[in-house]
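*Asks:* Requesting a structural model of the entry that follows:
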Amino acid sequence: MRQLVRVIFCFAIGFGSVTSAMADIGDVRVKDLGHFLGWRDNALVGYGVVTGLSGSGDSPHSNVTQQALSNVLSHLGANVPAVDLQSRNVAAVIITATLPPTASVGDQIDVTVTSIGDARSLVGGTLLMTQLLGADQHNYALAQGSLVVGGYNFRDNGNLRQKNYPTSGVIVGGATVETSVTANLLDAGGHLRFVLKDPDFTTAQRVADRLNQTLGPQMASAQGAETILINASVTSADVTRLISEIEGITIRPDQSARVVINERSGTVVAGGAVQISSVVIAQGDVKVSVDAEHDATVPFLVGGFPRDPRGLIVTNSKLDVSDGVHDSVVHLPNTTVADLARALAQAKVDTRSIIEILQAIKAAGALHAEIIVQ
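*Replies:* Have a look, this model is predicted:
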């Protein structure tokens with residue numbers, strides 16, 4: 001049974017409350033706010049064969065696996081027709097990897113191996129040499145090695161024991177980079193472009209102003225809410241040193257008014273500066289419970305039971321109605337969601353009730369923030 005809670009806000013809205021909330025937001029490095037245009041990872045993919053499985057590979061009906069194994073053997077000098085390969089110790093797999101923005105020949109990267117056939121498990125398998133291609137269909141790395149699978153699948157006489165997903169695994173450092181890549185951060189005009197993770201006009205302008213104060217006037221300009229244009233040809237030819245200085249500069253980013261609600265776990269996350277106008281909340285609950293008892297009676301005569309007796313079922317019901325008996329009045333000194341949640345928690349209001357209250361305040365137009373429900 002929930003409590004009846006009345007929350008009354010008694011305060012004046014002013015710039016003082018907003019300033020104190022914003023003072024809690026610390027300075028953040030420019031490096032943590034985004035990235036330079038051109039600095040990005042590259043996806044690699046390949047198709048290969050895993051061998052050494054203990055009867056848990058693809059079935060002989062998998063034509064793709066038979067053809068792939070036949071191609072591998074032909075490259076090694078053994079010409080075996082695909083129809084003659086009936087082993088269940090082989091599985092056809094897809095290999096994926098991520099190539100960093102800069103990589104040199106000989107660097108090692110991790111790969112993920114997943115089955116594309118009807119293999120039951122890849123435990124104990126070894127990936128044969130496979131080319132990893134980029135989006136331009138160019139070979140950037142070679143993958144090979146023993147798989148690490150965090151699961152198992154055992155079958156015997158119709159009994160099955162399985163843990164996790166044994167049809168996928170990883171090879172730590174299993175691919176060797178064959179083609180070096182470098183990130184080209186400068187455009188044709190000799191400018192750097194810094195892109196914010198969360199586009200915001202105020203934050204973009206603050207970054208540009210801070211760069212102009214540190215590196216010199218007219219060094220940076222905000223190009224909308226996402227991009228800051230930086231003149232790299234004016235200050236120094238050492239672009240690496242310039243980027244290092246830019247990444248180390250700290251600013252105070254603007255905070256968006258958002259309230260994130262996860263209804264499945266009952267979690268509410270809100271910024272400390274999220275404002276609530278004066279509002280009165282009354283939450284109550286009426287609990288109605290119905291208890292029913294079913295009794296069965298059988299006719300009984302002196303000297304025994306009658307022939308072909310018919311029982312009678314009697315239902316007795318009891319209706320109980322109760323409402324909240326504990327009223328609470330909470331006075332808040334300012335208008336933030338943090339104080340509201342703290343006050344409701346002290347009034348012993350559960351988390352899901354707090355979620356419902358916040359949604360109701362938003363519907364009433366008193367919550368000046370975006371509510372995101374997950």
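
*Asks:* going forward, measure contacts between C-alpha atoms and count neighbours the same way
*Replies:* Will do.

*Asks:* Leaving out chain neighbours, which residue sits closest to residue 197?
*Replies:* Once flanking residues are discounted, residue 197 sits nearest to residue 34: 4.7 Å by Cα to Cα, 6 or more residues apart in numbering.

*Asks:* Next, the contact list for that neighbour, please.
*Replies:* Taking Cα atoms under 8 Å, 6 or more residues apart in numbering, we find residue 34 in contact with 194, 195, 196, 197, 198.

*Asks:* which one of those is nearest residue 126?
*Replies:* residue 197 (39.4 Å; Cα to Cα).

*Asks:* My understanding was that the closest one contacts residue 31; is that so?
*Replies:* No - using Cα atoms under 8 Å, residue 197 is not in contact with residue 31; the gap is 10.5 Å.

*Asks:* Of those two, which one has the most company?
*Replies:* Between residue 197 and residue 31, counted using other Cα atoms under 10 Å, the more crowded position is residue 31 (18 against 12).

*Asks:* for the more buried one, helix, strand, or coil?
*Replies:* helix (DSSP: H, G, I helix; E, B strand; the rest coil).

*Asks:* Report the separation between it and residue 76.
*Replies:* To residue 76, residue 31 is 49 Å away according to Cα to Cα, to the nearest Å.

*Asks:* Kindly report the same for residue 259.
*Replies:* Counting by Cα to Cα, the gap from residue 259 to residue 76 is 61 Å.

*Asks:* Please apply the same query to residue 372.
*Replies:* Relative to residue 76, residue 372 is positioned 57 Å away (Cα to Cα).

*Asks:* Which one's more surrounded, these two?
*Replies:* residue 372 (12 against 9).

*Asks:* Tell me if I am right that that one is in a helix.
*Replies:* No - secondary structure of residue 372 (three-state DSSP): strand, not part of a helix.

*Asks:* Now for it: which residues touch it?
*Replies:* Going by Cα under 8 Å, 6+ apart, residue 372 touches 258, 259, 260, 261.

*Asks:* what's next to the strand or helix carrying residue 175, contact-wise?
*Replies:* Residue 175 is located in strand 168-177, with elements delineated by DSSP states H and E. For strand 168-177, contacts defined as Cα under 8 Å, 6+ apart pick out 103-115, 122, 140-150.

*Asks:* Mind doing that once more with 6 Å?
*Replies:* 105-114, 140-145, 147-149 (Cα atoms under 6 Å, 6 or more residues apart in numbering).

*Asks:* Give me the subset of these lying in strands.
*Replies:* 108-114, 140-145 (DSSP state E).

*Asks:* would you list the residues you listed in a markdown table and tack on neighbour count?
*Replies:* A markdown table is the format used below for the ones in strands among the contacts of strand 168-177 (neighbours: other Cα atoms under 10 Å):
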| residue | neighbour count |
| --- | --- |
| 108 | 19 |
| 109 | 20 |
| 110 | 16 |
| 111 | 23 |
| 112 | 20 |
| 113 | 26 |
| 114 | 19 |
| 140 | 20 |
| 141 | 27 |
| 142 | 19 |
| 143 | 26 |
| 144 | 20 |
| 145 | 18 |
